[in-house]
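Undergrad: model the structure of this input:
(one chain, ligands or ions: 1)
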Amino acid sequence: MRTRPLKVALLGCGVVGSEVARIMTTHADDLAARIGAPVELAGVAVRRPSKVRAGIDPALVTTDATALVKRGDIDVVVEVIGGIEPARTLITTAFEHGASVVSANKALLAQDGAALHATAQDHDADLYYEAAVAGAIPLIRPLRESLAGDKVNRVLGIVNGTTNFILDKMDSTGAGYQEALDEATALGYAEADPTADVEGFDAAAKAAILAGIAFHTRVRLDDVYREGMTEVTAADFASARAMGCTIKLLAICERAADGGSVTARVHPAMIPLSHPLASVRGAYNAVFVESDAAGQLMFYGPGAGGAPTASAVLGDLVAVCRNKLSGATGPGDSAYARLPVSSMGEVVTRYHISLDVADKPGVLAQVATVFAEHGVSIDTVRQQGRQDGGGDASLVVVTHRASDASLTGTVEALRNLDTVRGVASIMRVEGE
Ligand code: HSE
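TA: Take a look at the predicted model:
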C-alpha cells in the first residue's frame, strides 16, 4: 500500500459533512485498505469557524474555501455545501487545480451537470455524485455502470422523503395535508420552509439527473414537468383506496414507446397497492427501474440524513481515490443519444378525474361525449348521489391511457358544461 496519503478537502461541515469527517476518521484503516493508500482530511471549509466540531482538528478548519481548493496538493474535493454558488465556482476551481470532486449537490448537478462534466473531462478529473439523488441508495452508479450494457426505458421513483412522509401520514391516518405537514415539521422531516420539497423542486432536480443518466441524453431542469403535492386531499386518498391505490409523489422518467424521445416529470399520482413503490413508507425513498434485459429493478433505502448520505459520499470517495491512484478516470458524462425531451402534453398515461355534476338525466351522456370528442377512452365511471339533497352528484371517471394534451382539452371542455359544477380533482394513475 502507498504510504503517502491522498488529501481530501471537505467543503461544508453540516449534517452530512460532519458525518463524512467522522467516518473518514473512524474507518480510516478500512478506507486505506480499500483504496490502497491512506486518505487524509487536509482541510474543512465552513461558514462558522467558531462552532465546536467534535473529532475535527480546529487547525484544519477554514472559512476560505477558495484558498483550500486552490492549494494544489488536494486530490479530492468533497462538496456538501449545496446550492448553486459558491459550490459551482469552487468545484470548477478544484478541477482547475488538479482535484477530482465528489458532490452531493442535486440542484447544481441538475442545472450545470453538463458544464461541470466538461470541465472535469478537460482536467482528466472525476465528478461523482451518488449522494445527490436518493441519499444512501446506490442509484447513480448502477445506472451509469451496472446497467451500461442494458437499455433503460423507465425510471419511476419516490425521491423525496419529506413528501413521502406526509403522503404516508395522510394515507394511514386520514389526516389532511396541513395536519400531516405540521407533524412532519414537528418531527424534523420537513424544513421550516418546505417549498422545495412539497412543490416538487427537489424531486424535479433528481428527475433531471436520473433521466439524463438513464437515457444518455441531456435533460435540463426546466425540461422536467413539475407539480407539487400541496393540493392532495383526504378525499383523494379515499378515491385512491376505492380503486385499490395509494398516492405518491413520483419522479417519472420515460422513453416514449417508439424510443424516439423521452420525458421527465414530477407530480402526485395514484399507484396500485400491489406496486412495490406503494409499500414505501415514512421518509424512505425507492426507485423502480425498468430496462430491456434486466426487467424490473427496485432500489430502496434512506434518501436523506447525515450518515446515510455520507455513506454514498464515502463510496464515491473510495472510487475516486482508486481512480487517482491508478491514473484513470471513471465514467463521465454520457449524453451521446441526444434524444429530444418531449413536453408534458405528449406524456401518455391514465387519469382519475373527480367531477361535481348536476344529478339529472343526460349528464352522464354529456360528460362521456366530451371524453369521446377528445379521443379519451373511459375505463370506469362511478357516480354517487350527494347526501346534501342539492341535486348534485359526484362522478369519478377513470380513463384508459391518453395523452396529457387530450386530457387537458377534455377537462377544459368539461369545465364549460353548465351541468359540471366543478372539477374536484385530476390525478394521474401510474405503475400499471
Ligand atoms: N429534502 C430531501 C427529502 C432530502 O426530503 O428527501 C434531500 O434531497
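Undergrad: state the distance from the residue lying closest to residue 404 once chain neighbours are set aside to the ligand.
TA: Nearest non-adjacent residue to residue 404, counting by C-beta to C-beta, 6 or more residues apart in numbering: residue 347, 4.7 Å away. In this view, the C-beta of every residue, glycine as well, is placed from N, C-alpha and C. Per C-beta to the nearest ligand atom, to the nearest Å, residue 347 is found 24 Å from the ligand.
Undergrad: try residue 425
TA: Plainly put, residue 425 is 24 Å away from the ligand if you go by C-beta to the nearest ligand atom.
Undergrad: return the set of buried residues in the helix or strand hosting that residue.
TA: For residue 425, the host element (DSSP states H and E) is strand 420-429. For strand 420-429, the neighbour count (16 or more other C-beta atoms under 10 Å) marks 420, 424, 425, 426, 427, 428, 429 as buried.
Undergrad: which one of the residues you listed sits closest to residue 275?
TA: Nearest to residue 275 among the buried residues of strand 420-429: residue 429, at 10.7 Å, using C-beta to C-beta.
Undergrad: the closest one reaches residue 275, doesn't it?
TA: No - at 10.7 Å, residue 429 and residue 275 do not qualify as touching, with contact defined as C-beta atoms under 8 Å.
Undergrad: contact partners of the one helix or strand residue 323 maps to?
TA: According to DSSP H and E, residue 323 maps onto helix 306-326. With contacts defined as C-beta atoms under 8 Å, 6 or more residues apart in numbering, helix 306-326 is touched by 2, 6, 8, 15-16, 18-20, 22-24, 27, 31, 34-37, 39, 75-76, 78, 80, 100-102, 104, 126, 128-131, 135-138, 141, 301-302, 329-330.
Undergrad: ok so, going back, isn't the residue nearest to residue 404 right up against residue 403?
TA: Yes - using C-beta under 8 Å, residue 347 makes contact with residue 403 at a distance of 6.9 Å.
Undergrad: what pairs with the helix or strand of the chain with the lowest mean pLDDT, parallel or antiparallel?
TA: Confidence across the helices and strands of the chain bottoms out at strand 378-385, with a mean of 90, counting by mean pLDDT, DSSP states H and E. Strand 378-385 pairs in its sheet with strand 392-399 (antiparallel), by DSSP bridges.
Undergrad: can you check what angle separates the strand it pairs with from strand 420-429?
TA: 30 degrees (axes from the mean of the first three to the mean of the last three C-alpha atoms, to 10 degrees).
Undergrad: and for this protein, the residue most distant from the center?
TA: residue 361 (46.4 Å; C-alpha atoms, centre = their mean).
Undergrad: picking up where we left off before, buried ones in the helix holding residue 323?
TA: For helix 306-326, the neighbour count (16+ other C-beta under 10 Å) marks 306-324 as buried.
Undergrad: same question for stretch 40-55.
TA: Counting neighbours by 16+ other C-beta under 10 Å, the buried set in stretch 40-55 is 40, 41, 42, 43, 44, 45, 46, 53.
Undergrad: show the average pLDDT along that stretch.
TA: Average pLDDT, stretch 40-55: 92.
Undergrad: and the end-to-end length of that stretch?
TA: Length of stretch 40-55, first residue to last, C-alpha to C-alpha, to the nearest Å: 14 Å.
Undergrad: so which residues on the stretch 251-400 of the chain come close to the ligand?
TA: Contact residues, the stretch 251-400 of the chain versus the ligand (C-beta under 6 Å from any ligand atom): 303, 304.
Undergrad: shaky segments in the stretch 251-400 of the chain?
TA: Within the stretch 251-400 of the chain, the ranges that satisfy pLDDT under 70 run 386-390.
Undergrad: can you do 90?
TA: Across the stretch 251-400 of the chain, the ranges flagged by pLDDT under 90 are 384-391.
Undergrad: assign the closest residue to the ligand within it to helix, strand or coil.
TA: Nearest to the ligand, among the residues of the stretch 251-400 of the chain, is residue 304, at 3.6 Å (C-beta to the nearest ligand atom). Reducing the assignment at residue 304 to three states with DSSP: H, G, I helix; E, B strand; the rest coil gives coil.
Undergrad: now for it: which residues touch it?
TA: Counting by C-beta under 8 Å, 6+ apart, residue 304 touches 135, 161, 162, 283, 285.
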